[in-house]
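Asks: just coords:
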């Protein structure tokens, strides 16, 4: 089971600023370990952000994204108390979904 | 051949003078301005520091019943302000702990609690105390230190310098900082004992002064973007020894506690901003 994300969603002016910290090794598949063996690729592939259950961001990421990545989004039309849900799946089929409320 | 040699020598002289010219120019760089630019970058990164993930994990570990004694640190460990109290504990360390009869820095104290209260073996913790470049996760002790450090965010350093044992540790740390040895005859103070020194583009803080000492302790524990690893000040101090070509001290040794007491004590009264983010 993957470690939880840390999500912050704050209203700034007329947009909601969403910041997500994800805990993930994001292995590229290009690196080798101490024994010279290739470390298998392991990275987040799909990413969705939903506001009150409605998808507002849907995207794909690849191996070029850093370990423990940070994502920032700006969403219009969110109100304090709205529920923000962020989900990802990685190339090994692992999933994680966390939520927070807009402050 | 003779002429060629002469020309060669001439060229070398010309090249030398050019190089020193370039150095002179580099010295005239506005360091304050360069620092300000770097600070802007830091502020941007601090807004979303992956160290917060370690803080979250550390909090879970702090509250969980673990180890052979099935005890939680929250119910058994006194970081100096009372059992289980973590707010403000980081900025008030290193300090003297009567139960251990030792001055300890925060990482050392947590290790002590894990051994004494939870029943973990010191050797098991010390076998791999720091996150390596190929490790996806930081060791538990790093998460714990990061959590505790995060509970002192935006508080002022308040190392109890009136306590005689802490004062003594500070004085020994000061001595160690000026101890020259190793193949290069380096001491900490070779680089960090006077104002205005730098290595390449890195300005070096003078640890003897409060405004220099704070730069040595601020931002630790820190998330290093190179490799994406979370590292503590124990690691950082060990790395100083490595860079001096000294043998690296054993994990949570007296030496490191003394040096951290010297640096943190000197930085007393200044603001700690919580776990940091590094290049």
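Replies: Yes, it's here. Quantities reported herein were computed from a predicted structural model and do not represent experimental measurements.

Asks: residues near the residue of chain A found nearest chain B, how many?
Replies: In chain A, no residue comes nearer to chain B than residue A:67, which is 3.3 Å away by CB to the nearest CB. All C-beta atoms are positioned from the backbone trio N, CA, C, and that covers glycine. By the criterion of other CB atoms under 10 Å in any protein chain shown, residue A:67 has 18 neighbours.

Asks: mind listing what it touches?
Replies: Counting by CB atoms under 8 Å, 6 or more residues apart in numbering or on different chains, residue A:67 touches A:24, A:25, A:26, B:136, B:227, B:228.

Asks: now the closest residue in space to the fifth one that isn't next to it in sequence: which helix or strand?
Replies: Nearest residue to residue B:227 in three dimensions, chain neighbours excluded: residue B:133, at 4.3 Å (CB to CB, 6 or more residues apart in numbering or on different chains). When secondary structure is defined using DSSP states H and E, no element contains residue B:133, which sits outside every helix and strand.

Asks: same thing with the one 4 residues further on?
Replies: Assigned by DSSP H and E, residue B:137 falls within no helix or strand.

Asks: any chance you could list what contacts the helix or strand containing residue B:141?
Replies: Using DSSP H and E, the element containing residue B:141 is helix B:140-150. With CB under 8 Å, 6+ apart as the contact definition, helix B:140-150 has outside contacts at B:51-52, B:54-59, B:61-62, B:73, B:79, B:86, B:89-90, B:106-107, B:110-111, B:114, B:125, B:129-131, B:138, B:220-221, B:230-232, B:272, B:274-275.

Asks: filter these down to the ones in strands?
Replies: B:230, B:231, B:272 (DSSP state E).

Asks: who wins for neighbours among the residues you listed?
Replies: residue B:230 leads the ones in strands among the contacts of helix B:140-150 on contacts (other CB under 10 Å) with 29 neighbours.

Asks: tell me, how many residues neighbour the closest residue in space to that one that isn't next to it in sequence?
Replies: Leaving aside its sequence neighbours, residue B:230 sits nearest to residue B:138 (CB to CB, 6+ apart; 4.2 Å). Neighbour count for residue B:138, taken as other CB under 10 Å: 25.

Asks: just residue B:136 next, same as before
Replies: There are 16 residues near residue B:136, going by other CB under 10 Å.

Asks: name the helices or strands packed onto the strand or helix carrying residue A:20?
Replies: Using DSSP H and E, the element containing residue A:20 is strand A:15-21. Where contact means 3 or more CB pairs under 8 Å, 6 or more residues apart in numbering or on different chains; DSSP states H and E, strand A:15-21 is packed against strand A:6-12, strand A:44-51, strand A:70-76, strand A:83-90.

Asks: so which bits of the stretch 51-200 of chain B are right by chain A?
Replies: By CB under 8 Å from any CB of the partner chain, the residues of the stretch 51-200 of chain B that approach chain A are B:52, B:53, B:56, B:57, B:134, B:136.

Asks: now stretch B:181-197: buried residues?
Replies: B:186, B:187, B:188, B:189, B:190, B:191, B:192, B:193 (16 or more other CB atoms under 10 Å in any protein chain shown).

Asks: what is the end-to-end distance of that stretch?
Replies: Stretch B:181-197 has an end-to-end distance of 20 Å (criterion: CA to CA, to the nearest Å).

Asks: check the offset of it from the chain's centre.
Replies: 17 Å (CA atoms, centre = their mean, to the nearest Å).

Asks: identify the residues contacting that stretch?
Replies: B:176-180, B:199, B:203-209, B:212, B:216, B:240, B:244-246, B:259.

Asks: return the subset of these lying in helices.
Replies: B:176, B:177, B:212, B:216, B:240, B:259 (DSSP state H).

Asks: how about TSV for the residues you listed, with neighbour count and pLDDT added?
Replies: As requested, the ones in helices among the contacts of stretch B:181-197 are exported to TSV (neighbours: other CB atoms under 10 Å in any protein chain shown; pLDDT from 0 to 100):
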residue	neighbour count	pLDDT
B:176	17	94
B:177	20	94
B:212	19	91
B:216	25	90
B:240	19	90
B:259	28	95
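
Asks: quick one: low-confidence parts of the chain?
Replies: Since no chain was named, I'll use chain A. The model of chain A has pLDDT under 70 over residues A:1.

Asks: that's the wrong chain, I meant chain B
Replies: Checking chain B against pLDDT under 70 turns up B:1-29.

Asks: pick out the residue nearest the middle of chain B.
Replies: Nearest to the mean C-alpha position of chain B, by CA atoms, centre = their mean, lies residue B:233 at 3.0 Å.
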